[in-house]
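Participant: here's a sequence, model it:
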Amino acid sequence: MTPEPGRAAPPLADGTPGKVTDEVTDEITEEIVEEIIGAADRAEDAADRAEDAADRAEDAAHLPHDGGEFGPQGAPFEKRNPFYLGFVGGFGALTAWFLFEAIVGIGSVLLLVVVSLFLAAGLNPAVELLGRRGLRRSWACAVVIVAFLLTVALFVVAIVPVITDQVTALSTNVPGYLDDLQRNREIQKLDDEYDVIDKLKDYVANGDFLSGLFGGALGFGLRVLSALFNGFIVIVLTLYFLASLETTKKALYSLAPASRRDRVSRLGDRIIRNIGGYVSGAFVVALCAGLTSLVFLFVIGLEQYAVALAFVVALLDIIPMIGATLGAVVVTAIAFATDVNAGLACIVFYVVYQQLENYVLYPRVMKKSVDVPGAVTVIAALVGTALLGIVGALLAIPTAAALLLIGREVVVKRQDTR
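Facilitator: Purely as a prediction, here's the structure:
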């Protein structure tokens, strides 16, 4: 036992009294600590060697001791071997690249699936409304599906022929409108220099006005068939997702850990409600724009193109930010080509209507569905348009709202608890 510093030590072998100083005590303590640390390191190394030996023994236990005429099999590669790590890492990188190329290859199919999911979420509020009225979800889905199919059939039967006739009449009258434009002095100067009017007139008269946009008659027909097929796929997937929405949600929520499943379910339900509210609201706003334009065009005397132009306005109004302006520009251009007074009336009407839509109608329709700041709306619409075109612009705002909700309820709250 080490004596305390400053106290007399036990007598030495020859009877001489011993004495231990503080320096000697510190040296003895350091030696003891070093011995303990060394012993611990040696024990850890021995444990590692024992673990490696156990792994090799386990691997050897799975190998036949008698390898036949070719001898026993060798030990497998060590997982820390550089060759093993390089091979597995390279194989993982190649697999990731293959999966990426596969996803890019089926990008169009995935886009149809995403659009169908959004449309199903947009129809889901109607199903929930019928459910709150006491109707079972299966019957509510059936009612909404039948109403949706009847609406599509009514549109195809009643509206499409009218739109086709009016587009044909519009393309037939375009050369006359160009003659009227040619009488303008500024237009005459440009036409004398570049021969623009005659080129446009020949382009329309020769039947290239529509087919040229799609690469000839064959290309136009293929594009039409492709659009019809994609529309049919979207309708089928939308109805399927609507009918199995609850089952799909439960299957996705079950992938979350049990401790977080309730919170994930609540967040997922909120996101789906927000998407459904946005899609429904966007169609309501677009329908109001189309019906208002239809009445206005009948009032100013453009009834021969009213249905087609109103449909264009409603279709473009679904696009955030720029859709309403594009529709107004198209209608105003046609109105000016027909009558100057009608064109001026269109300018006044659409300026006033867009103010009402932006500051009165749109906020009231969307106040319960999405809560996205204006700057985020602009950025999301630009990014969505750059990535996926018109479809990306349609999906941008609800996607941004979902990301903001996740960031606010998950990321920010997790940071607050640290």
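Participant: can you report how many residues neighbour residue 54?
Facilitator: Residues within reach of residue 54, counting by other CB atoms under 10 Å, total 10. (Glycine included, C-beta is placed from N, CA and C.)
Participant: mind checking how far it is from residue 81?
Facilitator: 18 Å (CB to CB, to the nearest Å).
Participant: so which residues of the stretch 151-300 of the chain form helices?
Facilitator: Assigned by DSSP state H, counting those that start in this stretch, the stretch 151-300 of the chain shows helices spanning 160-182, 185-194, 196-205, 208-211, 216-243, 245-253, 261-300.
Participant: list the buried ones in the longest one?
Facilitator: Right, the one you point to is helix 261-300. Of the residues in helix 261-300, 264-265, 267, 271-283, 285-286, 288-290, 292-294, 296-297, 300 count as buried by neighbour count, 16 or more other CB atoms under 10 Å.
Participant: compute the inter-axis angle for the helix or strand containing residue 346 and helix 261-300.
Facilitator: Residue 346 belongs to helix 340-356 when assigned by DSSP states H and E. Using axes from the mean of the first three to the mean of the last three CA atoms, to 10 degrees, the direction of helix 340-356 lies 160 degrees away from that of helix 261-300.
Participant: immediately after helix 340-356, which helix or strand?
Facilitator: Remark: after helix 340-356, the chain's next helix or strand is helix 362-366, criterion DSSP H and E.
Participant: on contacts alone, who are the packing partners of that following helix?
Facilitator: Contacts defined by 3 or more CB pairs under 8 Å, 6 or more residues apart in numbering; DSSP states H and E place helix 362-366 against helix 261-300.
Participant: and the next helix or strand after the helix it packs on, C-alpha only, in PDB?
Facilitator: Using DSSP H and E, the helix or strand that follows helix 261-300 in sequence is helix 306-317. Extracted in PDB, the C-alpha atoms of helix 306-317 (Å, rounded to 0.1, in the frame of the first residue of the first chain):
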ATOM      1  CA  ALA A 306     -67.600  32.700 -77.900                       C
ATOM      2  CA  VAL A 307     -67.600  29.100 -76.800                       C
ATOM      3  CA  ALA A 308     -64.100  28.400 -78.200                       C
ATOM      4  CA  LEU A 309     -62.600  31.500 -76.800                       C
ATOM      5  CA  ALA A 310     -64.300  31.000 -73.400                       C
ATOM      6  CA  PHE A 311     -62.900  27.400 -73.300                       C
ATOM      7  CA  VAL A 312     -59.400  28.800 -74.000                       C
ATOM      8  CA  VAL A 313     -59.700  31.300 -71.200                       C
ATOM      9  CA  ALA A 314     -60.900  28.700 -68.800                       C
ATOM     10  CA  LEU A 315     -58.200  26.300 -69.800                       C
ATOM     11  CA  LEU A 316     -55.400  28.800 -69.500                       C
ATOM     12  CA  ASP A 317     -56.800  30.300 -66.300                       C
END
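Participant: average pLDDT across helix 306-317?
Facilitator: Mean pLDDT, helix 306-317: 82.
Participant: contacts for the following helix or strand past it?
Facilitator: Later in the chain than helix 306-317, the nearest helix or strand by DSSP H and E is helix 323-338. For helix 323-338, contacts defined as CB atoms under 8 Å, 6 or more residues apart in numbering pick out 170, 174, 177, 180-181, 289, 293, 297, 300, 302, 305, 309, 312-317, 319, 342-343, 345-347, 350, 354, 357, 393.
Participant: helices or strands up against the helix or strand residue 378 falls within?
Facilitator: Following DSSP H and E, one finds residue 378 within helix 374-406. Under the contact definition 3+ CB pairs under 8 Å, 6+ apart, helix 374-406 sits against helix 107-132, helix 261-300.
Participant: now those helices as CSV including mean pLDDT?
Facilitator: Shown next, in CSV, are those (pLDDT from 0 to 100):
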stretch, mean pLDDT
helix 107-132, 84
helix 261-300, 87
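Participant: Serialize those helices to a markdown table and add fields for distance to residue 152.
Facilitator: Compiled in a markdown table, those are given as follows (distance: least, CB to CB, whole Å):
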| stretch | distance to residue 152 |
| --- | --- |
| helix 107-132 | 12 |
| helix 261-300 | 13 |
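Participant: out of these, which gets nearest to residue 34?
Facilitator: Closest approach to residue 34 among those (CB to CB): helix 261-300, 52.4 Å.
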